[in-house]
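Chemist: all I have is the shape, not the residue letters:
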């Protein structure tokens, strides 16, 4: 397949972003993966992100930054990780403005390559506690990029693609299997042990997704 | 003055952001300054930003990051700095998505403090070549923050204040003098020498502004 359209893919190393990567690859995009070292509790997901990028034959870049303030259980080792969250409240693992920051760097990268699209594995069904994972936020952010970037004012604004935003975890898993996403390389656990802890919110959602999809998790 | 409202101020060390800081101080905000080390050509403006924050009695924080791609004369030492730019074209000193990235970090900081406002010295009159300095971009970005942050969905979204956005350079300078901004501490030059080069776009705009305001530049 000749790939002329380019997409910057936010790749965390988890199941959703890896699936989003393969969805846009299947749609014919040449993909450029972008990951972040922002002081998360462990670097396991970053290592996996690099491996997934390589498996998908995509260049991989990393942006490193530190925020001099705390405010999330995912960054602050003194805070306990939650093990039961409903999607009615914003969980303590919410990192203030994280996706906003990630999308901003992706927009910068997309201006430089230049790329037609930014891809994010955001999902508002299972994780709707995070306000920056919702479609209505992504639409507003795309408008900001239309008005605030060089390509935007030239009428060639980048599109934000969130192919999983309305899918359930089990639908995402079925899509991933169909597109041959290397699920064995994806890492969802909030902790960075040798194998997933099985108890954190993220492990629980993943397990329930595989159970509902009636599939075995190849990462276990 | 008892200050109960908080504002995160993007402070570059230049004339505009320092003036914006003093404008919101005068409006009664408790100010928190935020600067960025993003690989700019010189660190002189960062040192001046810290001094201006101290002079204004504001806490000062710095976020450090590197973008693994090039794309701007301000970051890429191999590119020559322009010395004549009209505001009809986007100049080579445009750093892709820079204000978008800065505002995203400010939004994170504002969530944590928490602050009611983010302040940016953006100005679309003298510098309209930068798309992310325009009012219509800032409005769109504020909408994105309303939808994508915890405080936003709780109905207490941060406001983006750009008190200088429609002012000319000479109006900004007059405002600065009236509010006793420590102009002698501000640094505008794209180069990081002992004294301003006097030839780059930024030096030229500043000189013309002081001339029009019929004032002497205390930084010279």
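Modeler: Okay, I see it. Just so it is clear, the model here is predicted, and its values are computed rather than measured. Residues are numbered from 1 along each chain as shown, chains lettered A, B, ... in the order given.

Chemist: and residue A:9, that's in a strand?
Modeler: Yes: assigned with DSSP: H, G, I helix; E, B strand; the rest coil, residue A:9 falls within a strand.

Chemist: contacts for the helix or strand of chain A with the lowest mean pLDDT next, please.
Modeler: The least trusted helix or strand in chain A, going by mean pLDDT, DSSP states H and E, turns out to be helix A:150-153, with a mean of 88. For helix A:150-153, the external contacting residues (C-beta atoms under 8 Å, 6 or more residues apart in numbering or on different chains) are A:110-111, A:114, A:145-147, A:157-158, B:90, B:94, B:96, B:131. Quick note: C-beta positions are derived from backbone N, CA and C, even for glycine.

Chemist: mind running it again at 7 Å?
Modeler: A:111, A:114, A:145-146, A:157-158, B:90, B:94, B:96, B:131 (C-beta atoms under 7 Å, 6 or more residues apart in numbering or on different chains).

Chemist: point out where chain A drops to low pLDDT.
Modeler: A:1, A:41, A:71-94, A:126-128 (pLDDT under 70).

Chemist: just the helices in it please.
Modeler: A:15-26, A:44-55, A:98-112, A:135-148, A:150-153, A:169-178, A:201-213 (DSSP state H).

Chemist: still on that earlier bit, any idea which of the contacts of helix A:150-153 has the most stuff around it?
Modeler: Taking other C-beta atoms under 10 Å in any protein chain shown as the neighbour criterion, residue A:145 ranks highest of those with 29 neighbours.

Chemist: wait, isn't that one in contact with residue A:157?
Modeler: Yes: using C-beta atoms under 7 Å, residue A:145 is in contact with residue A:157, at 5.7 Å.

Chemist: just to revisit the earlier point, mind checking which of the helices of chain A is nearest residue B:49?
Modeler: helix A:98-112 (20.3 Å; C-beta to C-beta).

Chemist: so the closest one versus helix B:98-112, what angle?
Modeler: With axes from the mean of the first three to the mean of the last three C-alpha atoms, to 10 degrees applied, the angle from helix A:98-112 to helix B:98-112 works out at 180 degrees.

Chemist: against which helices or strands is helix A:98-112 packed?
Modeler: On a contact count with 3 or more C-beta pairs under 7 Å, 6 or more residues apart in numbering or on different chains; DSSP states H and E, helix A:98-112 meets strand A:6-10, strand A:30-37, strand A:117-119, helix B:98-112.

Chemist: I'd like these as JSON lines, with distance to residue B:43 appended.
Modeler: Converted to JSON lines, the helices and strands packed on helix A:98-112 look like this (distance: least, C-beta to C-beta, whole Å):
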{"stretch": "strand A:6-10", "distance to residue B:43": "29"}
{"stretch": "strand A:30-37", "distance to residue B:43": "22"}
{"stretch": "strand A:117-119", "distance to residue B:43": "31"}
{"stretch": "helix B:98-112", "distance to residue B:43": "16"}
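
Chemist: do you know which of the ones you listed lies nearest residue A:135?
Modeler: The nearest among these, by C-beta to C-beta, is strand A:117-119 at 14.3 Å.

Chemist: any part of the closest one near chain B?
Modeler: No: against chain B, strand A:117-119 shows no contacts by C-beta under 7 Å from any C-beta of the partner chain, the least distance being 10.7 Å.

Chemist: about what we covered before: just put the contacts of helix A:150-153 in TSV and tack on distance to residue A:214.
Modeler: Listed next are the contacts of helix A:150-153 as TSV, based on distance: C-beta to C-beta, whole Å:
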residue	distance to residue A:214
A:111	43
A:114	42
A:145	39
A:146	42
A:157	41
A:158	37
B:90	53
B:94	52
B:96	45
B:131	49
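
Chemist: now, which of those residues sits nearest residue B:67?
Modeler: Nearest to residue B:67 among the contacts of helix A:150-153, counting by C-beta to C-beta, is residue B:96 at 8.4 Å.

Chemist: chain neighbours aside, what residue packs nearest to that closest one?
Modeler: residue A:111 (3.6 Å; C-beta to C-beta, 6 or more residues apart in numbering or on different chains).

Chemist: who's in contact with the one you found?
Modeler: A:149-151, B:71, B:96-97.

Chemist: using the centroid of chain A, identify the residue furthest from it.
Modeler: Each residue of chain A has a distance to the centre, and by C-alpha atoms, centre = their mean the biggest one is for residue A:154: 28.2 Å.

Chemist: ok, now which ones touch that one?
Modeler: Residue A:154 neighbours (C-beta under 7 Å, 6+ apart): none.

Chemist: got the phi and psi for it?
Modeler: With angles defined as degrees, to the nearest 10, residue A:154 sits at phi -80, psi 0.

Chemist: before we move on, the earlier item: nearest to residue B:13, of the contacts of helix A:150-153?
Modeler: Looking across the contacts of helix A:150-153 and measuring by C-beta to C-beta, the closest to residue B:13 is residue B:94, at 19.0 Å.
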